[in-house]
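[1] Just the structure for this:
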Amino acid sequence: MPIDKNAIVENRALTHRLEVLANEAININDPLFVQRIGCTIREYRVLKMIHEHNGIAFNEIMHVTGLDRSLVSRLIRSLLKQELIYRINSEEDARRFGLFTTKAGITACEQGNQLSAEAEEVLFEPLQQGELEQLHSLLNKLVFWVRDPTYKHHLDALHTAVEADA
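    Sure thing, here's the model as predicted:
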């Protein structure tokens with residue numbers, strides 16, 4: 001008997017449903033991004049970050065995106081190979097480098113911005129304007145909360161309580 005993916009997702013935690021939403025939207029949109037701008041969505045997001053913050057360091061990209069080191073490394077290597085970005089080593093420390101967009105990278109980023117806006121418009125079609133504004137507001141609030149040290153403090157307290165009960 002086939003699995004009803006919708007029924008399974010409905011009964012999962014919100015964080016699981018957000019992950020499913022993100023992954024499925026990325027998987028559906030990736031071929032369009034590759035066809036139109038030559039980059040996957042994750043490559044485009046890193047490219048956009050580099051374009052908006054010329055000179056950004058590898059570790060800063062990891063910290064801001066929350067992506068793991070190996071994935072960020074692969075994305076940067078791909079962008080370098082496509083000559084959408086270039087790197088300049090630090091004069092103080094040869095192990096450190098800043099990342100910058102090339103002319104082709106700027107063009108790809110501009111095209112990606114347009115494509116991203118179009119894809120999000122399609123994604124949010126089922127929502128009314130007020131719902132969309134509320135969703136943005138709530139997601140921003142949650143992102144700031146998860147990045148707040150208090151959040152980790154509460155989780156540490158929960159972990160300690162669970163250990164005490166064990």
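
[2] Before we move on, what's the pLDDT of the spatially most central residue of the chain?
    Geometric centre of the chain, nearest residue: T65, 5.4 Å, by CA atoms, centre = their mean. pLDDT recorded at T65 is 85.

[3] For A161, see how far away it is.
    31 Å (CB to CB, to the nearest Å). No exception for glycine: its C-beta is placed from N, CA and C like everyone else's.

[4] Also N59?
    33 Å.

[5] Check which helices and strands whichever helix in the chain runs longest is in contact with.
    Counting residues, the longest helix in the chain under DSSP state H turns out to be helix 14-37. If you count contacts as 3 or more CB pairs under 8 Å, 6 or more residues apart in numbering; DSSP states H and E, helix 14-37 packs onto helix 5-10, helix 41-52, helix 103-123.

[6] Outside of it itself, which residues are in contact with it?
    Residues from elsewhere that reach helix 14-37, judged by CB atoms under 8 Å, 6 or more residues apart in numbering: 9, 12, 39-42, 44, 108, 111-112, 115, 119, 123.

[7] Sketch out the low-pLDDT regions of the protein for me.
    For the chain, the stretches with pLDDT under 70 are 1, 3-11, 94, 162, 166.

[8] same thing but at 90, please
    Within the chain, the stretches with pLDDT under 90 are 1-20, 58-59, 63-67, 88-97, 143, 147, 154-166.

[9] got the CA positions of stretch 145-165 in CSV?
    In CSV, the C-alpha atoms belonging to stretch 145-165 read as follows (Å, rounded to 0.1, in the frame of the first residue of the first chain):
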residue,chain,number,x,y,z
TRP,A,145,14.6,33.5,19.1
VAL,A,146,16.6,30.4,18.0
ARG,A,147,19.7,32.7,17.6
ASP,A,148,19.1,34.2,21.1
PRO,A,149,21.3,32.6,23.8
THR,A,150,18.2,32.3,26.0
TYR,A,151,16.9,29.7,23.7
LYS,A,152,20.0,27.5,24.1
HIS,A,153,19.8,28.1,27.9
HIS,A,154,16.2,26.8,28.0
LEU,A,155,17.2,23.8,26.0
ASP,A,156,20.1,23.1,28.3
ALA,A,157,17.7,23.3,31.3
LEU,A,158,15.4,20.8,29.5
HIS,A,159,18.3,18.5,28.8
THR,A,160,19.4,18.7,32.5
ALA,A,161,15.8,17.9,33.6
VAL,A,162,15.5,14.9,31.3
GLU,A,163,18.9,13.6,32.6
ALA,A,164,17.6,14.0,36.2
ASP,A,165,14.5,12.0,35.4
